[in-house]
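Q: just to be clear, the model below is a prediction. Sequence and coordinates:
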Amino acid sequence: MNIFETTAVKMSGVTQDGEIGSAVATRANIIELTQAAEDAVLRPRDFGAFDHVLRAALAARVALLAGDEALESYYLTGAGDRAVLDQTGADQWLEVILSFVDKVANETRDVAAEDILALQGAGISDADIVRLCELVAFLAYQIRVIAGLRLMKGAAA
């Protein structure tokens, strides 16, 4: 795997040319593990209640909430007919998921037992709740890695 083709490095704009590219190359193992984590949470073999299309749409939503339009656009390419996730008119299942994802992404410290109970009340299994949390946690990490690489590159993050 060429680390300069991974999502985090591509979205940061870092190329293999120059000092920043050389510095990133010294951490190839971290970049490769980051890509493996992305593949595991966005495109897992056992996806439970959240297929790959919905996961991509949720990833795009989290990226947008974080203000990363480039990453949002990247994930929207895999979101298919779920490209627009809106709580208006959404069924209860999706509405509860979107509320939870938004809260975990933006108000993590305010997540409480009631939020988990709301997911369970919408029929979401405990295993799927864990899957959802893994997705949002990974995205928080990935967004920070990309921002850090952009800062190294001198771009606005």
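A: Arrived safely. Numbers count the residues shown, from 1 in each chain.

Q: contacting residues around stretch 61-81?
A: Residues from elsewhere that reach stretch 61-81, judged by C-beta atoms under 8 Å, 6 or more residues apart in numbering: 7, 10-11, 42, 52-53, 56-57, 59-60, 83, 85, 98, 101-102, 105-106, 136, 139-140, 142-143, 146-147. Quick note: C-beta positions are derived from backbone N, CA and C, even for glycine.

Q: please repeat the previous calculation with a cut-off of 7 Å.
A: Contacts of stretch 61-81 from elsewhere in the structure, counted by C-beta atoms under 7 Å, 6 or more residues apart in numbering, are 7, 11, 52-53, 56-57, 59-60, 83, 85, 101-102, 105-106, 136, 139, 143, 146.

Q: cool, stretch 29-47 as well?
A: 1, 3, 6-9, 24, 52, 55-56, 59, 134-135, 138, 142, 145.

Q: what about those residues, which are in strands?
A: Residues of the contacts of stretch 29-47 located in strands (DSSP state E): none.

Q: determine which two of these are furthest apart.
A: V24 and H52 (27.6 Å; C-beta to C-beta).
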